[in-house]
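task: produce atomic coordinates for the following.
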Amino acid sequence: MKWDTNSDVLLYPVRNIPNTQIVTKREILQHTSRIYDPLGLLSPVTIRATLLLQELWQQKFEWDMSLPDSIQEKWRSLITDLNSVTKTTLPRYYFENTLNASSNTCIHIFCDASLVSYGATACICRNNQSSLLMAKIRVAPLKKLTLPRLELMAAVIGSRLSKHLQHNTSIAQIYL
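Predicted coordinates:
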């Protein structure tokens, strides 16, 4: 991530993914793995790319084989989202009034799962303001699991996220 000192915002390096005529599994993996998102803030878009890659592995496509038109259309619609999401800027401060930090700052962690993915998000809250702090998301395993089992796996990620934030912030109140 980069820090623009003039506007005091954090931003992702812009990755312009070209829209090529022939799409291969190698090309999709190459472009999706270049997106570095340590806080997981781009997860709603990057998880779609990961799900597409999982689909390619399931169907056992070769690395340099031209993919079917249906998958190429999925990739092309995903390219526009990936190109636009890396233009996202984030304020460096979560709250406007950071000098007068009140003691009622807390973190809320939400966990959820579906049959294709599961994860957790952490939001930092103070008075009537809140902001997304970080997120962790995973693709569901190929072996079909029940939804309650996936919900428990999401809770494990939420617990680990809570432990990480507890050790790395001075915020004592964390709600799961």
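
just the pLDDT for the spatially most central residue of the chain.
With distances taken as CA atoms, centre = their mean, the residue of the chain nearest its centroid is S43 (1.7 Å). Looking at S43, its pLDDT reads 91.

that one against A135, yeah?
Yes. Counting by CB atoms under 8 Å, A135 is a contact partner of S43 at 5.0 Å. Just so you know, the C-beta spots here come from the backbone N, C-alpha and C atoms, and that holds for glycine as well.

which residues of this structure score low on pLDDT?
97-103 (pLDDT under 70).

kindly report the domain assignment for it.
With automatic domain parsing as the criterion, the domains of the chain are listed as 2-90, 99-175.

joint contacts of S43 and A135?
The contact sets of S43 and A135 overlap at G119 (CB atoms under 8 Å, 6 or more residues apart in numbering).

quick one: the strands in this protein?
2-4, 9-11, 89-91, 105-113, 117-126, 129-139, 173-175 (DSSP state E).

pretty sure N19 sits against S77.
No. Using CB under 8 Å as the test, N19 is too far from S77 to be in contact (10.5 Å).
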